[in-house]
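Undergrad: Quick one, what's the 3D model for this:
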Amino acid sequence: MRNTNKMQKKATNAIIRYLSINQSATRTELIEGALLTYGLSKSELENFSPKSKSSLLRSYLSTALNSLIIKGDIKREGERYMLAKDEVVIIREDECEEEILKMLECNAYTKEDIFERLEEHFGTDKTLSLKDDYSLRTIAGGVLASLVSSDTLEIVGSKYAKKREKCTKLDTPLPENEFKPIFFKQLFLMGGRFFESFVANLLEKYYTLKGQMVVYCDITGGSDDGGIDVVLETVDYLGFVEKFAAQTKCRDRAHITEKEVREFYGAMIASGATRGIYVTTTYFHESAEDFIDSVSDLVGIDGHKLFELVKKTGYGIKISSGGYTFDTTIFAG
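TA: Numbering: from 1, shown residues only. As a prediction, the model looks like this:
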């Protein structure tokens with residue numbers, strides 16, 4: 001479904017781009033002109049068989065054109081089609097930087113993923129003009145380069161990520177009240193990708209200790225995760241299978257809103273999971289807690305419950321008579 005949506009969005013953009021350049025066109029001119037933006041070879045363009053690539057793309061373009069006409073974004077005069085309006089969104093550099101840093105707080109994204117998320121956030125993908133899209137990408141590209149240059153961001157592979165400082169090693173055990181804030185600081189500094197893996201392994205150990213067999217545990221976090229970071233399936237002694245979907249938010253201070261929980265719950269239902277687990281290092285807003293309490297197949301694990309779960313499983317920490325310290329095989333200082 002997501003691929004279909006992307007294809008339809010690309011077809012819509014191709015039509016708008018063509019009319020932005022040519023001002024007006026007949027339906028045939030418009031479809032064929034927009035088709036050229038896909039970079040098909042001459043033989044592919046001339047292949048009109050029902051299952052050919054060009055026929056499939058023509059179908060997407062035709063559907064996109066009809067949708068734009070129905071919405072009133074494209075008007076028709078006689079046999080010619082043209083854009084109905086030319087609105088633009090003005091983007092400020094400081095707003096763009098703020099949104100990029102917020103986006104990369106917990107996850108890493110490619111430049112294209114960042115551009116697409118910014119377009120959705122600022123609404124340039126909803127305007128007919130391409131000027132604001134180009135402007136946004138130019139501004140965002142400059143902001144990314146500046147943030148990398150200032151060591152705020154780093155490029156890992158093909159993805160941009162927020163640069164984290166390394167934690168100092170904890171040489172001696174500490175009492176719980178001293179260790180706990182250091183533990184959460186360590187989690188935050190390790191970043192969102194580490195936290196996804198940490199939660200996945202923590203949940204797997206928890207259910208194993210409960211006597212359930214974990215048959216599947218996978219980290220799905222990323223730009224296409226749909227709000228689900230971890231998927232886990234268990235089988236109990238009687239053979240009952242449970243599929244859990246988990247969302248993880250590694251934050252320093254900010255709480256989890258009701259909107260965030262509702263969006264995750266919707267993704268959980270759509271995925272076919274039987275239960276949902278929302279895990280955060282901070283806390284849930286009161287309205288978010290009310291929503292969690294109103295449904296029977298969703299639980300919220302805040303920072304306090306998370307630490308209790310860590311204590312119960314012993315995952316990530318070592319407990320001795322002297323207190324608590326990190327398990328260095330999991331946390332790298």
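Undergrad: Go through this structure and flag its longest helix.
TA: helix 2-22 (DSSP state H).
Undergrad: So what are the sheet partners of the helix or strand following it and their directions?
TA: Sequence order places strand 24-26 as the next helix or strand after helix 2-22, per DSSP states H and E. Here strand 24-26 is paired, per DSSP bridges, with strand 80-83 (antiparallel).
Undergrad: Give me the buried positions along the partner strand.
TA: Buried residues in strand 80-83, counting neighbours by 16 or more other C-beta atoms under 10 Å, are found at 81, 83. Heads up, the C-betas are built off the backbone N, CA and C, glycines and all.
Undergrad: The stretch 101-250 of the chain: strands as residue ranges?
TA: For the stretch 101-250 of the chain, the strands defined by DSSP state E, counting those that start in this stretch cover 109-110, 153-156, 159-162, 213-219, 230-235, 241-249.
Undergrad: quick one on the thing from earlier: can you give me the buried ones in the longest helix of the chain?
TA: Quick answer for helix 2-22 (16+ other C-beta under 10 Å): 7, 10, 11, 12, 13, 14, 15, 16, 18, 19.
Undergrad: ok, residues contacting that helix?
TA: 25, 29-30, 33-35, 37-38, 57, 60-61, 63-65, 67-68, 73-74, 81-83, 125, 128-130, 224 (C-beta atoms under 8 Å, 6 or more residues apart in numbering).
Undergrad: And the average pLDDT for that helix is what?
TA: Mean per-residue pLDDT for helix 2-22: 79.
Undergrad: which phi and psi does the residue of the chain most remote from its centre have?
TA: In the chain, the residue that sits farthest from the middle, by C-alpha atoms, centre = their mean, is residue 78; the gap is 43.9 Å. Per-residue torsions, residue 78: phi 70, psi -120 (degrees, to the nearest 10).
Undergrad: Tell me where this structure has helices.
TA: Counting by DSSP H, the helices of the chain are 2-22, 27-35, 42-45, 53-70, 93-103, 111-122, 131-149, 176-190, 192-209, 258-271, 286-294, 303-313.
Undergrad: Reformat those into CSV and put distance to residue 324 next to each item.
TA: Output for those, formatted as CSV (distance: least, C-beta to C-beta, whole Å):
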stretch, distance to residue 324
helix 2-22, 43
helix 27-35, 62
helix 42-45, 63
helix 53-70, 57
helix 93-103, 32
helix 111-122, 38
helix 131-149, 35
helix 176-190, 4
helix 192-209, 16
helix 258-271, 30
helix 286-294, 28
helix 303-313, 8
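Undergrad: which of the ones you listed is buried the deepest?
TA: Across the helices of the chain, averaging neighbours per residue (mean count of other C-beta atoms under 10 Å) puts helix 192-209 on top, at a mean of 20.
Undergrad: Packing partners of it?
TA: Judged by 3 or more C-beta pairs under 8 Å, 6 or more residues apart in numbering; DSSP states H and E, helix 192-209 is in contact with helix 176-190, strand 213-219, strand 230-235, strand 241-249, helix 303-313.
Undergrad: now it against strand 241-249, angle please.
TA: Helix 192-209 runs at 150 degrees relative to strand 241-249, counting by axes from the mean of the first three to the mean of the last three C-alpha atoms, to 10 degrees.
Undergrad: Could you check the angle helix 192-209 makes with strand 230-235?
TA: Going by the same axes, to 10 degrees, helix 192-209 makes 10 degrees with strand 230-235.
Undergrad: quick check: angle from helix 192-209 to strand 213-219?
TA: Relative orientation of helix 192-209 versus strand 213-219 (the same axes, to 10 degrees): 170 degrees.
Undergrad: Touching helix 192-209 from outside, list them.
TA: 105-108, 161, 187, 190, 214, 217-219, 221, 229-230, 232, 234, 244, 246, 248-250, 277, 279, 281, 309-310, 312-313, 315-316, 330.
Undergrad: how is this structure carved up into domains?
TA: 2-83, 93-162, 176-326 (automatic domain parsing).
Undergrad: What average pLDDT does stretch 239-256 get?
TA: For stretch 239-256, the per-residue pLDDT averages 91.
Undergrad: scratch that, stretch 104-117 is what I was asking about
TA: Confidence over stretch 104-117, taken as the mean pLDDT, stands at 86.
Undergrad: Distance from it to the middle of the chain?
TA: A distance of 8 Å separates the centroid of the chain from that of stretch 104-117, by C-alpha atoms, centre = their mean, to the nearest Å.
Undergrad: first to last residue in it, what's the distance?
TA: 11 Å (C-alpha to C-alpha, to the nearest Å).
Undergrad: Give me the contacts around that stretch.
TA: 100, 103, 125, 136-137, 140-141, 144, 153, 156, 158-162, 191-193, 195, 221-223, 248-251.
Undergrad: let's see it at 6 Å
TA: For stretch 104-117, contacts defined as C-beta atoms under 6 Å, 6 or more residues apart in numbering pick out 103, 137, 158, 159, 161, 162, 192, 223, 250.
Undergrad: I'd like to know how far the nearest residue to the third one once chain neighbours are set aside sits from residue 193.
TA: Pointing back at residue 158 there. The shortest distance from residue 158 to any non-neighbouring residue, by C-beta to C-beta, 6 or more residues apart in numbering, is to residue 110 (5.2 Å). Separation of residue 110 from residue 193 (C-beta to C-beta, to the nearest Å): 14 Å.
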